[in-house]
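A.B. asks: Here is a sequence together with a model predicted from it:
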Amino acid sequence: FCRRPNMFKKQQQDVFEERYLRCISILGKGNFGSVELCRYDPWGDNTGDLVAVKELQSNKQATMADFQREIQTISSLHCDYIVKYKGICYSAGRLSTKLVMEYLPYGSLIGYMEKHRQNVCTRRLLLFASQICKGMEYLQSMRYVHRDLAARNILVASDTLVKIADFGLTKIIPVDKEYYRVTQPGESPIFWYAPESVSELKFSHKSDVWSFGIVLHELFSYCDISRNPKRKIGSYVQSSSMAIHLLNLLKDNWRLPMPSQCPPKVKIKTDFYMNVFVWVTLTN
Ligand SMILES: C[C@@H]1CCN(C(=O)N2CC[C@@H](S(=O)(=O)c3ccccc3)C2)C[C@@H]1N(C)c1ncnc2[nH]ccc12
């Protein structure tokens, strides 16, 4: 009987024992780690629950501290439009902690749109957009800035429900400040970044709204890879000068074009300059 960690210290956290966590497949990989589909099967008869388990690949101290913060963040979020936290798993052998979340079989919005774009109507796109909005509103009420809002990090729970996933880059805005400034540029693509995030690494609720605008563009392009923001802005520019290229485009008031697949009755009007006003007006 291995010594169980002190349950009372993290009474709200459910501890999953690594020996019962069986990996089935990889759901996604990123720069620091991966998310795997696992079955938690204490009875060993395949009747256990399917769960999504996120773990760090490298055990660099910096990312471990970030990962602990991510676990703290996601375990404090309780919203229908945010992926549910289930608990943690201490993997004794590898000195690392794993984050256990609910598994949503439909996977990310990108994959869902690839398969089902033919029968996703405008109403459903607007429903998904409103749900992401509500999830972000809740996040803002908790003073969290997501910093990586993109269709790849949106999960599909059912044909009529999406949830915000992945809080690896989420930060809390200090009480006396309006924004969070990071020290080194992150790993996520800058095409979802607001101008002030690209130029000064400043992130705020407003920069999350900017990213929401990019997600709207992805939604109304049905996540069509050929219209992916990277493709539209400049896949031909090598990454080092990409930030300068993007900033110049934005300064000249260039904006992502209205997706051609965007139905005529939906107008996505945005004034993307410094403040971001994104509204969708339905005209009959
Ligand atoms: C869309 C989801 C988030 C993004 N993702 C992913 O693989 N990653 C997000 C972070 C990166 S990472 O590996 O870079 C990373 C690893 C550790 C620390 C920090 C970063 C991987 C795929 C997920 N996915 C397909 C899921 N599908 C079904 N049910 C689910 N429940 C929860 C997630 C999930």
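C.D. replies: It's in. Numbers count the residues shown, from 1 in each chain.

A.B. asks: And the helix or strand that contains Lys163, what does it pack against?
C.D. replies: Using DSSP states H and E, Lys163 maps to strand 161-164. On a contact count with 3 or more CB pairs under 8 Å, 6 or more residues apart in numbering; DSSP states H and E, strand 161-164 meets helix 122-141, strand 154-158. (Each C-beta comes from the backbone N, C-alpha and C, glycine too.)

A.B. asks: Now do the shortest one: distance to the chain's middle.
C.D. replies: Distance of strand 154-158 from its chain centroid, counting by CA atoms, centre = their mean, to the nearest Å, is 11 Å.

A.B. asks: How about stretch 241-261?
C.D. replies: Per CA atoms, centre = their mean, the centroid offset for stretch 241-261 relative to its chain is 22 Å.

A.B. asks: before we move on, back to that, using PDB, list the CA coordinates for the strand holding Lys163.
C.D. replies: Listed next in PDB are the C-alpha coordinates belonging to strand 161-164 (Å, rounded to 0.1, in the frame of the first residue of the first chain):
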ATOM      1  CA  LEU A 161     -21.900  22.300 -27.000                       C
ATOM      2  CA  VAL A 162     -18.300  23.500 -27.100                       C
ATOM      3  CA  LYS A 163     -15.900  24.200 -24.300                       C
ATOM      4  CA  ILE A 164     -12.700  26.100 -23.800                       C
END
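
A.B. asks: Do it and the ligand come into contact?
C.D. replies: No. Judged by CB under 6 Å from any ligand atom, strand 161-164 and the ligand are separated, with a smallest distance of 8.5 Å.

A.B. asks: Neighbouring strands - and their directions - for the helix or strand that comes right after that strand?
C.D. replies: Next helix or strand after strand 161-164 toward the C-terminus (DSSP H and E): strand 171-172. Under the criterion DSSP bridges, strand 171-172 sits next to strand 144-145 (antiparallel) in its sheet.

A.B. asks: Which residues belonging to stretch 14-24 are considered buried?
C.D. replies: For stretch 14-24, a neighbour-count test (16 or more other CB atoms under 10 Å) marks 16, 21 as buried.

A.B. asks: Quickly list what Val100 is bridged to.
C.D. replies: With DSSP bridges as the rule, Val100 is bridged to Val53, Gly87.

A.B. asks: Tell me who's in contact with it.
C.D. replies: Applying CB atoms under 8 Å, 6 or more residues apart in numbering to Val100 gives the contacts 14, 16, 21, 40, 51-53, 85-89.

A.B. asks: ok, it to Val215 distance?
C.D. replies: From Val100 over to Val215 the distance is 26 Å, taken as CB to CB, to the nearest Å.
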